[in-house]
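J.: okay, sequence plus prediction incoming.
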Amino acid sequence: MNRCTVIALACAASLAMACKDKGGATATPAGANAPPAKRLHRLTADQFHRSLQVVTGESWSQYGRFAATLGKPDYVQTPNEGRRIDVASEKLVEDASREVCQKAIDKDKGRAAEERVILRKVELSQRDHAAYAANLRYLTLRFHGVNIESDDDPSLKPWFTILESGTVADDNEMAERWRAVCIGMISHPDFLTY
């Protein structure tokens, strides 16, 4: 499976999970018919950058260059924080997640399990559903603040698709698959909104 296919699967998994509520029914669009206090809000530019640092342990090198595009006000021309989700912000979220996820996984390769950030509960050489599930449950708690207790939870199914579809040629391909999961979890609305 090539790199583009893995990333496409991550995006599809993220979208599929965003369109379903916990009961499996199609959810209404964010903010539709909700009172103003209940509407979803996108993280501010600074909140997004800090959240990336917390969940991956890495900083996005291009944040200073693109913070204004993510909505950070300059207080000269723009005094208000922009929180719209648009094509530019989605592109930058993807760019940022690609970079920080790659850095985190590269560092995890040389760390002991208890020091790892992304590969905490799994080894790249493992091809085991139970190990994948343990790591996915850990990542879901780390990235989205959701504690999943069962390996059979339906919310994990899209992530299993990324990890288990086709045959895995080597550990480098498995690292790409975990990177795709990381990217998908960052681009997911549960990470980007509150």
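T.: Perfect, thanks for sending it. Numbers count the residues shown, from 1 in each chain.

J.: now the lengthiest helix in the chain: average pLDDT?
T.: The residue-count maximum for a helix in the chain (DSSP state H) belongs to helix 87-108. Helix 87-108 shows a mean pLDDT of 95.

J.: got the buried residues for it?
T.: For helix 87-108, a neighbour-count test (16 or more other C-beta atoms under 10 Å) marks 89, 92-94, 96-105, 107-108 as buried. From N, CA and C alone the C-beta is placed, and that goes for glycine too.

J.: can you check stretch 57-75 too?
T.: Here stretch 57-75 shows 57, 58, 60, 63, 66, 67, 70, 71, 72 as buried, counting by 16+ other C-beta under 10 Å.

J.: farthest-separated two in those residues?
T.: Spanning the widest gap among the buried residues of stretch 57-75 are 57 and 71, at 24.2 Å by C-beta to C-beta.

J.: could you list the low-pLDDT ranges of the chain?
T.: 1-39 (pLDDT under 70).

J.: recalculate using a threshold of 80.
T.: 1-41, 74-80, 82-86 (pLDDT under 80).

J.: give me the element the residue lying farthest from the centre of it is part of.
T.: Relative to the mean C-alpha coordinate of the chain, counting by C-alpha atoms, centre = their mean, the farthest residue is residue 76 (32.8 Å). Assigned by DSSP states H and E, residue 76 belongs to no helix or strand.

J.: how close does it get to residue 70?
T.: 17 Å (C-beta to C-beta, to the nearest Å).

J.: thinking again about what came up before, what packs against the longest helix of the chain?
T.: helix 45-56, helix 63-66, helix 171-187 (3 or more C-beta pairs under 8 Å, 6 or more residues apart in numbering; DSSP states H and E).
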